[in-house]
Each structure stands twice: as structure tokens, then as C-alpha cells.
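Peer 1: Give me the fold of what follows.
(2 chains)
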Amino acid sequence: MHPLSLSTKNLTRKGFRSAALVFALALVVCLLFAGAIAVKSVSTSITLGAQRLGADLMIVPEGYEDTARTTLIAGKPSVFYMPESVLDRVRKVKGVRRATPQLFIQSTDFECCTYVDVLLIAFDQQTDFTIGSWLKEAIDRPLADNETIIGRSIPVSTGTTMKYFGTPLTVVGDLATTGLEYIDHAAFMTMATARQMIRNSRVDAEQTLDIGEDMISTVLVQLDPAITPERAKVFVEYEIEGVKALTSQDVIGSVKRQLQVLIRTIGGIGLSLWLITILLIGIVFSMAVNERKREIGLLRAMGAKRKNIFGMITIEAVLLSLAGGVLGLVAGGFLLIVCREPMRNAFKLPSLWPEPMFIFLAALFAVGAALVSGVVAAAWPAYKSSRMEPYQAIRKGE
Amino acid sequence: MKKKMTRKIAVSFVPILGGALLAGGVFLSGPEQVTAQSAKPVYKGTFYSATRGGHMVFTKITIDPERDMISGSTVGRLPMPNNEQADALQMSTDNKYIFYPTWDESMLYTIDIQDRLNPKVVAETKIFDEATRHCGSDIGADGNLYFSSMAQGDIHKLDISDPLKPKLMDRGYKSTYLCNVKVPGQGDKVVTTDMKEHKMYQYDAKSGKRLKELKPGGDEFLHRGHFSPDGKTIYQSSTGSLGDGVHSGRIYAVDTDTLELKDTLVIGHNYDVHDATTTPDGKYLIAAARRTPAKEFKDSEYVVINLETKKTIGTVSMCAGCHGASGVDPEVTQGREVFICGIQVAWE
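Peer 2: All right, here's what the predicted structure looks like:
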């Protein structure tokens, strides 16, 4: 009989025990695979988003650094303002190549009266170097007054007119998904439209926008390549009182700090489960070998070599590990698809699927880990069984 | 026999007579000449050091060149408000303040030392959100304060025109794990040391370009250092050998301009040197040296060396003496060890 079919028969004969081992391995693989993909998704989307933003520095009023990070990462509408004069001062700072202002408006405080809750972002088309490139993908002309381009997360179709603070905004296009909620959950308009919106809010809206004519929320900065963002940040904060400069590394770093908790939790649980599973497989195989002493003795008496016995036990472990690995992958994939949105909302973190190659490698690693665990755990029982003398094994097995 | 005896007495009487005449002459010639005779000045200074114990320590030391010996008075301590460890400290050029940055919270304390043995924290400034672990320090000709960051691997330049409100104004000269920073002459160059790369680097201050490098010894940690009074030499402290927990601490005399090794002064076995400075005339060198193995000694000493004879003339215990007297047996943990690092001296 072929060792593979013998091993398969042995496994099916003890169905419940085999299923329990497969389940334990599947749990480890599921956790490893889903955890790796989830963490990579967040990190990929933040890095890509920061790159797509195209700015080396984001300058915000002092004390609003955390709020600004939340705005960038979670797209949470935020209200922070500083005088427009900051823009001119930023332009004079050493290493600054280009600087452009943006004005954030929270769509409304009243849940009753909002068309759809978005982050309204006004930008200066003359000096802009971030939004413009995305606009070209959506419309092949500058944005006119009372027009808006929306992020992909906003459930409104092109041509729709939304009204905010007494100002109609016609959607003329939408942007591709970036993974950065600051972009995906925003409606972009010209600075002139925003200024008009502030004026309209005083006469034609339920809620007045208390924003001065000369206020802006942030200045986005592009630097001379010779100056690092970390250095330029120091220059800006030294030269201009009352502002803070965020680098993309600041934003990515804050997400990484949040992710550390997630990674440690997943890693801790995964490692514990992994060790328990290895121990479990070792114990179960030792028990199985003890139970099958007579059978092993007979096989040896009928001419089976030591390596055949070792191979038979190892094949059983490999089969169990492969089954556990594949089941774990399926469960992990299912978990990722089902839990993605709830997780995004719960942790306020963006997530884009990583590259297919990363997913493939993660799957390979997870199954490989299961395989190694199974084989390592079964190695000693397999070796022990292969060393049994036929006569002794038959006698002890009786 | 008698003749011999008389000769002996006569011979021994000559120096006595000579001495008496000399003394009489000195006495008769007045006090100015007494001063001119003992021309070697006595050095008195208040020494301040950063420690890993959450406090700055200080003591008064007198170096007497006449007798080639030192005397130290009682050690004092100033607890830091955040109780954090530190390596770097830098005295202002007017000797009124000490800037004292702590490791991980990156708090920069301004300490008023005008009352030398009664220092007070008068201002605190948060300079970074992340850990800095400042190690080296200097004040350049531009009047700005320079700190080297082990954690961030670069030099931080601060505007201290208002000592109570230091402001970060620039950063650069990046390598891996910086310790010393020195800004020679008019500030057109910057010299740093990197502990992980075991090298000294010289940079062009304007362009930030690396000009020269020197590996003065083996794979050892190059800590802090000071200039000689003429600025031509950097006395660079070092652990000496690494790895077995017992060091052979040494000080390298490095040419500031050419970055060439001029001399090596071995402090010795069981010493890990963290800083070295000189008396105002450059004749004595004072090293801040940790005794190793650290867990056994739990102490650091100021080791005073005569640079002409290259001999140690005395030491002052800066940790164990004080801890022992106050019945404290500090626990040695990672980042909370028992030793002093940077030295600053307010000479009288």
C-alpha cells in the first residue's frame, strides 16, 4: 500500500482528533494571514496617501497637530484656523519651493441639515500643487466657482447639486480612491467659493460660519530637494511663531504607533496559539504512536523499513498541516472581507488592499509556518516510532 | 675621625644656611616677590555633571599645581523635575546658566548657577516630542547651542539668545548614533563623534558636507570631549575596549583642524571615560570616568591628570561617596545607571 493512502486512512480513522488538529492549525494561519494583511493594508494606504498628497510639509496652528493628523488619516472634519499672513512668511523660509493654502470647513454641526457629511476643502488654484493633478483625472479644466470635485467615499453622483451654508455646490467629478480619508471623504472647491460660502452662511443658512475673511486652515509646502522635511520643519517652527509643521513621516509615524498596539496584540495571541498548537500536535502524535505500536510492529515485521514508518507519520503531519493551512487561509480571507469596514470605522484607519505579491507571500508564509509547525511537532514521535523493534512493538501494543 | 665629623657637619650646614638666607631674603624683599616665587596658580572651580540618576551633581574642586594634588568638597545634587536621566549639559558663555536636556522626554532645563553651589531650575522647554538622548554639547561662535542626539542621529542647534526660552533653529550632520559635537573657531566647521561607527567626523558647517573622518582607536564608544584652551586640540573621551564589561578608558588628543590623532592618554583598566576638559591654561585634564564593571562599582570619578607628566594626581568619587553617605544603594537598570557623563566647570 502507498504510504500516502496509508496516512490518509490513519487520519480519517481518527476523524475527530484530526479535525481538532486541523482546526487548531487553521486558527493560527488565519490569525497570521489576516493580521499581516490588515496591518499592511493600513500602512500601504497611509504611505500612498501621503505620497499622493504631494506635500512635504503641512503647516497648522500650534496645538492642532493631533487634530490635523486625524483629519489626514481619518478624514474627520476639523476646524482650525490661522491668519493668511502665515502663507507669506512660510514662502520666505529657507528651503521652501512652493506653498499653497487650504481652508477646511466642517459641513455642519446639525445632523438634520446636512446634505452629506463631508470635509469641505477650499484650495487656491493659482498656487495649488496637490489637488490640481487629481482634478486633471476628473475634469480637463479648472474648477469654476460653485463647483466641487468629491472624494470616492462620498455617495453622490456627478451632476448633483449639494447645498452647504446657503451655497450650492455642483459635483463635476469624483476622484479615484486614494485610501487617505482626507482625500476620499472630502469635497474640494475654490477658495473664492469658500469665501462666498462664509458670507452666505451669515444671511442664508441655519448655521453661521465664524471664519474670518483672512483665515486659512493649513499651508501645504513643497521643499527644495536639498532640504529634508525634518530640517525644514525646524526652520518653519523657528521662524514663525504659533505654527507647527507636520511631515509625512509624522503622519505615518502616528499611524505606526497606533498599529503597534494592533501588531503586538495579534502577534502575542498568534505566538501563544502557535506554541500551543505545536505542543498539541506533538502530544497527539505521541499518543497516536503509542496507540499504534502493534500496527507499527506488524508493518515492520512485514518488511516496512524504518524510513517508511518515519515517512508515514511525517506524511500524516504534512497532510494535517496543509489542510489546516488552506482552511486558515480561507477563513482569514473571509475575515478580512467581512471585517474590513467595521475595523476601518472602529480604528479610524484607512485601508487599501496590499499588492497581490504581498498577499501571495503572506499566504505562502502562513501555510509554510503551519507546515513547519506540523512537521517539527511530529518529528520526535515519528523518529521514536521508526526506532521500534517489531517484536517489542507488537508485544507492547497488545 | 674628628676631622671627618667636622666636615660632615659643615656639609650638612651649608644647605640649611642657604635655605635660611633665601628665606631671609624673601622675607626682607616684601610680599610681591613671594607671589612671584609661587607663580603656579591654584585652580578652583565648581564642577557640574549630568547623570543617569535624574539629577545634576556638582562639587568644588581645587587643583594645586605646586603640590600636584587636588582637593574636593562635598558633592551636591539638583534633582531634575522629571527625574529623567541625562548625558549632556552645557554652560552658557557668561557662566550664568546650564542647559540640561533629559533623555526621552526631551525636556531642556535651564539651570541658574549664579549661586554656584545652589543651582536652581528656572525654565523648562519641550524641544521634541520624540526621544532625543542628547549626548554632546557646545556653544558655537554664533552664540547658538549645539546638542548631539543619540536617538535621532543628528545635531540640534538652538537659539539661546533668551536662555529661558531656548528655541530649536536647525538640525543636521546626520550619522547613526551621535555623541560628541564641537564647533571650533568661527563656526565654519562642526566636529562630531559617532558611537556605533566608532569615528570622528568633521563637517563643513555651511554645506553640511563631510570633510574628514578619523577612527582614533578600535571599535569603541567615543563619548563627549572638550577643546584645549587654544582650540587647536579636541580631548576626545572613549571607552577603550568594549565587550567584556571592563574598559580601558582613554582620551584621544585630536587636531581640531586636520582631525589627526596627536596623542593618546590611557586612563586605565576599570575606567570608561565619558568626558574630558582642561584647566584654563590647559595644564591639567579632568576626565569624568565611570568605574567598570558598572554593577560592581556603581560609581563615577573625576580623574585629574597632569598633562605634562601624564600622571593622575587625584580622583573625586561623584556617585558612590554621596550614595554611601546618604545610605542609598541605587539599582542599575538599562538607561538608569549609576554614572556621570558631561562635565562643565565654572572656574573662579
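
Peer 1: Please count neighbours and contacts with C-alpha atoms only from this point.
Peer 2: Will do.

Peer 1: what sits opposite B:Met56 in the beta ladder?
Peer 2: B:Leu78 (DSSP bridges).

Peer 1: Remind me which helix or strand the closest residue to B:Asp329 other than its chain neighbours belongs to.
Peer 2: Excluding the flanking residues, the one nearest B:Asp329 by Cα to Cα, 6 or more residues apart in numbering or on different chains is B:His323, at 6.5 Å. Under the criterion of DSSP states H and E, B:His323 resides in helix B:320-325.

Peer 1: can you list the residues that contact the helix or strand that comes right after that helix?
Peer 2: Where DSSP H and E defines the elements, the next helix or strand beyond helix B:320-325 is strand B:340-347. For strand B:340-347, contacts defined as Cα atoms under 8 Å, 6 or more residues apart in numbering or on different chains pick out B:43-52, B:86-91, B:95, B:135-136, B:224, B:274-277, B:280, B:288-290, B:300, B:318-319.

Peer 1: Alpha carbons of strand B:340-347, as CSV, please.
Peer 2: This file holds the C-alpha atoms of strand B:340-347, laid out as CSV (Å, rounded to 0.1, in the frame of the first residue of the first chain):
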residue,chain,number,x,y,z
ILE,B,340,28.1,60.9,35.4
CYS,B,341,28.7,61.9,31.8
GLY,B,342,29.2,65.5,30.7
ILE,B,343,31.4,68.0,32.6
GLN,B,344,31.1,71.7,32.8
VAL,B,345,33.3,73.8,35.0
ALA,B,346,32.8,77.3,36.3
TRP,B,347,36.3,78.3,37.1
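
Peer 1: Count the neighbours of the closest residue to chain B within the stretch 1-150 of chain A for me.
Peer 2: Closest residue of the stretch 1-150 of chain A to chain B, Cα to the nearest Cα: A:Lys94 (10.8 Å). Using other Cα atoms under 10 Å in any protein chain shown, A:Lys94 has 15 neighbouring residues.

Peer 1: And the helix or strand containing B:Ala253, what does it pack against?
Peer 2: Using DSSP H and E, B:Ala253 falls within strand B:248-255. Here strand B:248-255 touches strand B:233-238, strand B:261-269, strand B:271-278, going by 3 or more Cα pairs under 8 Å, 6 or more residues apart in numbering or on different chains; DSSP states H and E.

Peer 1: tell me how far it is from the chain's mean position?
Peer 2: Distance of strand B:248-255 from the chain centroid (Cα atoms, centre = their mean, to the nearest Å) equals 13 Å.

Peer 1: now that strand against strand B:261-269, angle please.
Peer 2: For strand B:248-255 against strand B:261-269, the angle by axes from the mean of the first three to the mean of the last three Cα atoms, to 10 degrees is 160 degrees.

Peer 1: tell me which strands and helices the helix or strand A:Arg340 falls within is in contact with?
Peer 2: For A:Arg340, the element it lies in under DSSP H and E is helix A:306-347. Using 3+ Cα pairs under 8 Å, 6+ apart, the elements in contact with helix A:306-347 are helix A:3-13, helix A:15-53, helix A:293-301, helix A:356-386.

Peer 1: Dump those to TSV, plus mean neighbour count.
Peer 2: As requested, the helices and strands packed on helix A:306-347 are exported to TSV (neighbours: other Cα atoms under 10 Å in any protein chain shown):
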stretch	mean neighbour count
helix A:3-13	15
helix A:15-53	22
helix A:293-301	20
helix A:356-386	20
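
Peer 1: Turn those helices into JSON lines, including mean pLDDT and distance to chain B.
Peer 2: As requested, those are exported to JSON lines (pLDDT from 0 to 100; distance: least, Cα to the nearest Cα, whole Å):
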{"stretch": "helix A:3-13", "mean pLDDT": "73", "distance to chain B": "52"}
{"stretch": "helix A:15-53", "mean pLDDT": "80", "distance to chain B": "20"}
{"stretch": "helix A:293-301", "mean pLDDT": "77", "distance to chain B": "53"}
{"stretch": "helix A:356-386", "mean pLDDT": "86", "distance to chain B": "30"}
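
Peer 1: Pick the most deeply packed of the helices and strands packed on strand B:248-255.
Peer 2: Burial among these, expressed as mean neighbours by mean count of other Cα atoms under 10 Å in any protein chain shown, is greatest for strand B:271-278, which shows a mean of 29.

Peer 1: how much distance is there from that strand to the middle of the chain?
Peer 2: The chain centroid and the centroid of strand B:271-278 are separated by 6 Å under Cα atoms, centre = their mean.

Peer 1: cool, and stretch A:134-141?
Peer 2: Distance, centroid of stretch A:134-141 to centroid of chain: 28 Å (Cα atoms, centre = their mean).

Peer 1: average pLDDT across it?
Peer 2: Mean pLDDT, stretch A:134-141: 77.

Peer 1: Could you tell me which residues within it count as buried?
Peer 2: For stretch A:134-141, the buried set under the neighbour-count rule, 16 or more other Cα atoms under 10 Å in any protein chain shown, comprises A:Trp134, A:Leu135, A:Ala138.

Peer 1: same thing with stretch A:210-229?
Peer 2: Neighbour count says stretch A:210-229 has A:Ile211, A:Met215, A:Ile216, A:Ser217, A:Thr218, A:Val219, A:Leu220, A:Val221, A:Gln222, A:Leu223, A:Pro229 buried, by 16+ other Cα under 10 Å.

Peer 1: now do stretch B:203-213
Peer 2: Those would be B:Tyr203, B:Asp204, B:Ala205, B:Arg210, B:Glu213, for stretch B:203-213 by 16+ other Cα under 10 Å.

Peer 1: Which residue does chain B have closest to chain A?
Peer 2: Counting by Cα to the nearest Cα, chain B gets nearest chain A through B:Met169, at 5.3 Å.

Peer 1: so that residue touches A:Phe235, yeah?
Peer 2: Yes. With contact defined as Cα atoms under 8 Å, B:Met169 counts as touching A:Phe235 (5.9 Å).

Peer 1: Residue numbers of chain B in contact with chain A?
Peer 2: B:Lys167, B:Leu168, B:Met169, B:Asp170, B:Arg171, B:Gly172 (Cα under 8 Å from any Cα of the partner chain).

Peer 1: check contacts around A:Val79.
Peer 2: Per Cα under 8 Å, 6+ apart, neighbours of A:Val79: A:Phe104, A:Ile105, A:Gln106, A:Ser217.

Peer 1: confidence score at it?
Peer 2: Per-residue confidence (pLDDT) for A:Val79: 79.

Peer 1: On the three-state scheme, the residue of the stretch 101-250 of chain A found nearest chain B is what?
Peer 2: Residue nearest to chain B within the stretch 101-250 of chain A (Cα to the nearest Cα): A:Tyr238, separated by 5.3 Å. Secondary structure, DSSP: H, G, I helix; E, B strand; the rest coil: A:Tyr238 is helix.
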